[in-house]
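Undergrad: just a sequence and a predicted model for now, questions to come.
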Amino acid sequence: MTDHKNSKSNTSKTEKHASAHRLELEYSLDAPSEKVWRAINIAEIRESWLPGENLRHAKPVRAIPGKEVTYQMRDTAPPYLNSIVTFRLTPTGENSTHLRIIHDLTDARFTPIPKAANSNMPEMMCAA
């Protein structure tokens, strides 16, 4: 398989809010989508490029056969952050596939603190 990295960004307004904790990559692959699907879905093949120790669970969290698969991941080094990675396939021809990888940091330690709905802001002192 040959890949051609595509650096364009397709972020919607809802995705922009979470962009600090999201990494999105897009590739155009010179391979049929069935072959790419096997590479991301069959554990024995996936192990060669995504080792099982990086996954929180070996089985996918969610899968739409031939189109999308989502795995829970956990870092192998401290601080052992939890995340979710989704692989989306779109056939673009007989022997070509568009692969989109969406990696979201879901660890509770990194959820943003909501801002107060009122004006509870620290007061500024004026220098005279």
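TA: Alright, I've got the coordinates. Numbering: from 1, shown residues only.

Undergrad: grab the nearest non-local neighbour of residue 110.
TA: residue 21 (6.1 Å; Cβ to Cβ, 6 or more residues apart in numbering). Any C-beta I mention is one placed from the backbone N, CA and C, and that applies to glycine too.

Undergrad: and that neighbour, what's its pLDDT?
TA: At residue 21, the model reports a pLDDT of 82.

Undergrad: that one: neighbour count?
TA: Look at residue 21: counted by other Cβ atoms under 10 Å, it has 16 neighbours.

Undergrad: list the contacts of it.
TA: 104, 105, 106, 110 (Cβ atoms under 8 Å, 6 or more residues apart in numbering).

Undergrad: any chance of these in CSV, plus pLDDT, secondary structure and distance to residue 45?
TA: Putting the contacts of residue 21 into CSV (pLDDT from 0 to 100; DSSP: H, G, I helix; E, B strand; the rest coil; distance: Cβ to Cβ, whole Å) gives the following:
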residue, pLDDT, secondary structure, distance to residue 45
104, 91, strand, 24
105, 88, strand, 26
106, 83, coil, 26
110, 71, helix, 31
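
Undergrad: tell me the one of those nearest residue 35?
TA: If you rank the contacts of residue 21 by distance to residue 35 using Cβ to Cβ, residue 104 comes first, at 26.0 Å.

Undergrad: thought residue 81 was touching the closest one, still the case?
TA: No. In this structure, residue 104 is not within contact of residue 81 by Cβ atoms under 8 Å, at 11.1 Å.
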